[in-house]
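**Q** Got a sequence here, can you build the structure:
(chains A and B)
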Amino acid sequence: MTLCAGCDVGAATAKAVVLDGDDILGFEIIACRASAVQSATDVMDGLLKRLGLGYEDITCYVSTGYGREIVPFSSGNYSEISCHGKGAHWLVPSIRTIIDGGGQDCKAIGVNDRGQIDDFRMNTKCAAGTGRAVEIMTEAIGLEVSELGTYARRASDPVVLQEPCCILTEIEIRHLVLEGFETADIAAGIADIIARRIAGLARNMGVRKDVAITGGLAKNEAVVEALEKHLGVEFVRFPYDPQIIGAIGAALFASELAAGEGRVIR
Amino acid sequence: MDEEGRVLALEMLPYRNLPRQAAVAVMDAAMARAGVTEGHLARCLSTGFGKKAVHIADATAHSEFCLQRALWDIDPAIRTVIDVGGHTVNAFNIDPRGRISETAIIDKCVAGTGKFVEIMAKALELPLDVDPALLDGRDPVPMTNQCVILAESEVISLVNDGYDRLDIYAGMAASVASRIVGLSKRVAKIEKVAIVGGVAKNVAVRREVESKLGVELASLGGIDPQVVGALGAALLAKDEAEQGQR
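**A** Have a look, this model is predicted:
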């Protein structure tokens, strides 16, 4: 057996996946540590330990994500855009558009029928529409991010948030709370403003079916539903956690490297 | 302010809740200090972000008109005004007859505002306005992100990477100044240039603004740059009260 691993060190979480050929042996997601090196080491240590493996049992490691260049055990690194494209296409070959909602960025990625990236858009200047923005706004109504969906679904008269910057939206939300607006109505408003931001980015690139959403935001049902409504599409659901698609893609690149295919990018 | 334009009381409070509650609290405190009640006020104008929420105001006034009115009294030679508030950055020109000409504003992003400085200082565990003596001879760490959320995590990474917090603060002040100067380039740079608003009290930012603009910022004659808008609103209210009596 040839085991390969992918490690995706993002802005908020680090993800690791171990592949045995076409089988996902296991995966791990942790919150980021103080440094990218520590995050990568901790997530891979945790996964290997759980699988009863040592570092030497893995033939090839590929890293991706924000901290990909400094992962100590990696044999090569690929951009998170390539890895999301690779991972998503491998799991669901009909996917042509990937929306990746990360901790501190948000991307729209176009994929062709061979799984190659043919277009992408990314916000690099502003954190509105990212996981961190959801966190800040949700905190302002005293909820955990995981509770947002439950509350948003109970909304009877969702608020329409106006401010473009999420720090200004946070202040807007705090005022709505003080004015006595229902938590559920504000929760729905939060999901909606995030979805509006992401939908704008995706439409700017062009949305081709099938469409999938990856990253931590893909686990936020309230945002996912609002985004489906704004884009007028139903997302393809992955058979695995949508937050590990980039790490799966990295592990697939590692398999290619181990088989002597592909280029090593360091 | 009395009918002669003398300031009887001046109060400033941080927001604790809603604008309308903050307005009640700050007006009550100012009237108590001046020894007057609402009945004594001939005219009251409100201005700023929460101007519509001021319960006792007879009317609202645009912040640029208020700033122009106060600065005209402070130094009529001021031709360019940069107002750096908590949520917005605003720049405008005043012509020799006291009329507002060019104007520009950033109100969709908090980069360069007081909120930005506040979040960065908190991330650095430093006071809002660091003692300028501590910043002398510092080696500012350049910042790459303008967005406050991204800049906050950049700053945390820099601290984790072992950079000195005061060097990071100096870099942050330079970044705020770039943003402010960037906006001010959308109006004409005519001397004298004055900076008002809460961020105008941050010496590190002021110095960077002066060096980037290549001008010396006008003195406000000892008036707190954060109260210039309120002072202008009071002066406009006084003008209107006088006109009403005539």
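**Q** Does residue A:195 lie in a helix or a strand, and which?
**A** Here residue A:195 is covered by helix A:183-205, with elements defined by DSSP states H and E.
**Q** Kindly report the same for residue B:195.
**A** In this assignment (DSSP H and E), residue B:195 forms part of strand B:193-196.
**Q** For that strand, could you pull out the residues that count as buried?
**A** By 16 or more other CB atoms under 10 Å in any protein chain shown, the buried positions in strand B:193-196 come out as B:193, B:194, B:195, B:196. (Each C-beta comes from the backbone N, C-alpha and C, glycine too.)
**Q** Which secondary structure elements does that strand sit against?
**A** In this structure, strand B:193-196 makes packing contacts with helix B:63-74, strand B:80-84, helix B:203-213, judged by 3 or more CB pairs under 8 Å, 6 or more residues apart in numbering or on different chains; DSSP states H and E.
**Q** Could you dump those into JSON lines with mean neighbour count and distance to chain A added?
**A** Output for these, formatted as JSON lines (neighbours: other CB atoms under 10 Å in any protein chain shown; distance: least, CB to the nearest CB, whole Å):
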{"stretch": "helix B:63-74", "mean neighbour count": "21", "distance to chain A": "17"}
{"stretch": "strand B:80-84", "mean neighbour count": "26", "distance to chain A": "15"}
{"stretch": "helix B:203-213", "mean neighbour count": "19", "distance to chain A": "18"}
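**Q** Could you export the ones you listed as TSV, including mean pLDDT and distance to residue A:153?
**A** Putting the helices and strands packed on strand B:193-196 into TSV (pLDDT from 0 to 100; distance: least, CB to CB, whole Å) gives the following:
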stretch	mean pLDDT	distance to residue A:153
helix B:63-74	96	41
strand B:80-84	97	42
helix B:203-213	95	45
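**Q** residues contacting residue B:236?
**A** B:45, B:61, B:65, B:66, B:69 (CB atoms under 8 Å, 6 or more residues apart in numbering or on different chains).
**Q** May I have the secondary structure class of residue A:134?
**A** Reduced to three states with DSSP: H, G, I helix; E, B strand; the rest coil, the structure at residue A:134 is helix.
**Q** show me what contacts the closest residue to residue B:226 other than its chain neighbours?
**A** Ranked by CB to CB, 6 or more residues apart in numbering or on different chains and with sequence neighbours excluded, the top spatial neighbour of residue B:226 is residue B:198, at 4.8 Å. Counting by CB under 8 Å, 6+ apart, residue B:198 touches B:84, B:85, B:86, B:114, B:225, B:226.
**Q** Residues of the stretch 51-200 of chain A that sit close to chain B?
**A** Taking CB under 8 Å from any CB of the partner chain as the test, the list of the stretch 51-200 of chain A residues beside chain B reads A:104, A:125-127, A:130, A:132-133, A:136, A:164-168, A:171, A:175, A:178-179.
**Q** What subset of those is buried?
**A** Listed as buried from those are A:104, A:126-127, A:130, A:132-133, A:136, A:165-168, A:171, A:175; burial here means 16+ other CB under 10 Å.
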